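J.: Predicted model and sequence below, questions to follow.
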Amino acid sequence: MIQMIKKDCFRRTEIFPETVEQKEITNAVRSILEDVKLRGDTAVKYYTKTFDHVEILDTLVENPIAIAKGAETADPEFLAALSRAAENIFHFHEKQKQTGYAIQECDGIITGQRVIPLKTVGIYVPGGTARYPSTVLMNCIPAKLAGVENIVITTPPDNEGNVPPQILAAAHVAGANYIIKAGGAQAIAALAYGTESVPRADKIVGPGNAYVAEAKRQVQGIVDTDMIAGPSEILIVADGKNNPEITAMDLLSQAEHDKMATAVLITDDEAFARHVAEALERAIPSLPRKEIARASIDRNGKIIITSSIRSAIEAANEIAPEHLELCVDHPFDYLSLIRNAGSVFLGRNCPEALGDYYAGPNHTLPTGGTARFSSPLSVEDFVKKSAYTYYTAEALEKACKDIVTIAEEEGLHAHGRSVSLRCGSFGNTVK
């Protein structure tokens, strides 16, 4: 049964459980990373057989030809739906593309910034109890728009040791180059260090379980990574005009992800709150993933009753959820008040599932309260920036005294002399 709380002010930790790092996971991941670093493909296949009970007898990596061939077996209706979703995602992220710039001064000084796409990006796509072709689209399309040359997906194989057809279809639609048939920490290790068949990635993105998250944490610095994602979160701010059955199903749309997922409703209507709690009890038994949803709601589900919708929004800012549904009249009137949320869904006709699959904004979002300072995955995550500078001899001579003064104040005399030598102010002039 979902917990009900009547309160206006609270901290995130009162609502969302703290994630406790497990020492055994940390140690196990460290061992896997070291083994893959030493033994490459052999170690990746070994851990896939050990943990997933699947033996990879053929190649570990599927190439573009295999991806295209596999996509041909996909259900045409599913493939068409993926294509329409991909179009929406493309159009939204296309606006995020950045260009460099140059500033040219009248005295010959040129400074500027270049935007350079990463060469190789690894994208982790979870498997296990569910398949996530939507994750393929949401991660590959921004990378493609950024100009990434090699997009490498890694995902757990099915029971026959093959890439699931849904993933092949999504990879084909999104333009991925390769797919590694491996999941878990061993897949992250392969991307971070490179193996005989897996190219070393410049960055690894995509959600995963506790072992994947820990592996990404441990390889940071060797390779760039995106946010370390935690369990899924949904927070719904709703007034009493909503349908309790619909609100309950929106909560369950995240609860069915994971037993550790968190689903929270904040409302100013106590009768509505009770109706939603009752609707949850009716709905859970009808779900194919009812055991997961039940565990999530019983452990991490909350219904909070506040004095007003504004108080509910203040609470939402404190919690900083991954997904925030604002199910009220005139939702745009409240949008400017929301400061901390990964993605906001406005109005009664905008379920969070729209964002998971179709609307266009990315569904790779900050969790664990990190929406206070983090952003959704974007095209910008797949580029780096490099500045450049050009000075004429005359421009350098004009700046010489200032540079030498600052350098000597810092006690870094070679810095100053590297300028003054060029300007003839120290020893012989260097042409």
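T.: Sure thing, it's come through.
J.: what's the domain layout of the chain?
T.: The chain breaks down by automatic domain parsing into domains covering 23-227, 230-373, 393-431.
J.: Look at the longest one and report the distance between its end residues.
T.: The reference is to domain 23-227. Using Cα to Cα, to the nearest Å, the end-to-end distance of domain 23-227 comes out at 21 Å.
J.: Give me the pLDDT for the residue nearest the centre of the chain.
T.: Nearest to the geometric centre of the chain sits residue 364, at 3.6 Å (Cα atoms, centre = their mean). Model confidence at residue 364, given as pLDDT, is 95.
J.: Then the one 10 residues further on?
T.: The confidence metric pLDDT takes the value 95 at residue 374.
J.: ok, now how distant is residue 341 from residue 276?
T.: For residue 341, the distance to residue 276 equals 20 Å [Cβ to Cβ, to the nearest Å]. (C-beta placed from N, C-alpha, C; glycine too.)
J.: Residue 422 now?
T.: Counting by Cβ to Cβ, the gap from residue 422 to residue 276 is 73 Å.
J.: still on that earlier bit, of all the domains of the chain, which one comes closest to residue 387?
T.: domain 23-227 (5.2 Å; Cβ to Cβ).
J.: Could I get the average pLDDT for the closest one?
T.: Model confidence over domain 23-227 averages 94 on the pLDDT scale.
J.: and residue 90, what does it touch?
T.: Applying Cβ atoms under 8 Å, 6 or more residues apart in numbering to residue 90 gives the contacts 141, 145.
J.: Recalculate using a threshold of 6 Å.
T.: Contacts for residue 90 (Cβ atoms under 6 Å, 6 or more residues apart in numbering) come out as residue 141.
J.: That one: what secondary structure?
T.: Counting by DSSP: H, G, I helix; E, B strand; the rest coil, the backbone at residue 90 sits in helix.
J.: And residue 422 and residue 276? Which one has more around it.
T.: residue 276 (26 against 17; other Cβ atoms under 10 Å).
J.: so that one sits right up against residue 249, yeah?
T.: No - Residue 276 lies out of contact with residue 249 (Cβ atoms under 6 Å); the separation is 10.1 Å.
J.: Okay, helices next: where are they in the stretch 1-150 of the chain?
T.: Along the stretch 1-150 of the chain, the segments classed as helices by DSSP state H, counting those that start in this stretch run 12-15, 23-39, 41-52, 64-71, 76-94, 133-146.
J.: Then the stretch 301-431 of the chain?
T.: With DSSP H, counting those that start in this stretch as the criterion, the stretch 301-431 of the chain has helices at 309-319, 332-335, 352-357, 393-409, 413-420.
J.: of those, which approaches residue 72 most closely?
T.: Of all the helices of the stretch 301-431 of the chain, helix 352-357 sits nearest to residue 72, with 22.5 Å by Cβ to Cβ.
J.: Centre of the chain to that closest one, how far?
T.: Distance of helix 352-357 from the chain centroid (Cα atoms, centre = their mean, to the nearest Å) equals 15 Å.
J.: mean confidence for that helix?
T.: Helix 352-357 comes out at a mean pLDDT of 96.
J.: okay if I get the helices of the stretch 1-150 of the chain as CSV plus distance to residue 127?
T.: Output for the helices of the stretch 1-150 of the chain, formatted as CSV (distance: least, Cβ to Cβ, whole Å):
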stretch, distance to residue 127
helix 12-15, 30
helix 23-39, 17
helix 41-52, 8
helix 64-71, 15
helix 76-94, 18
helix 133-146, 10
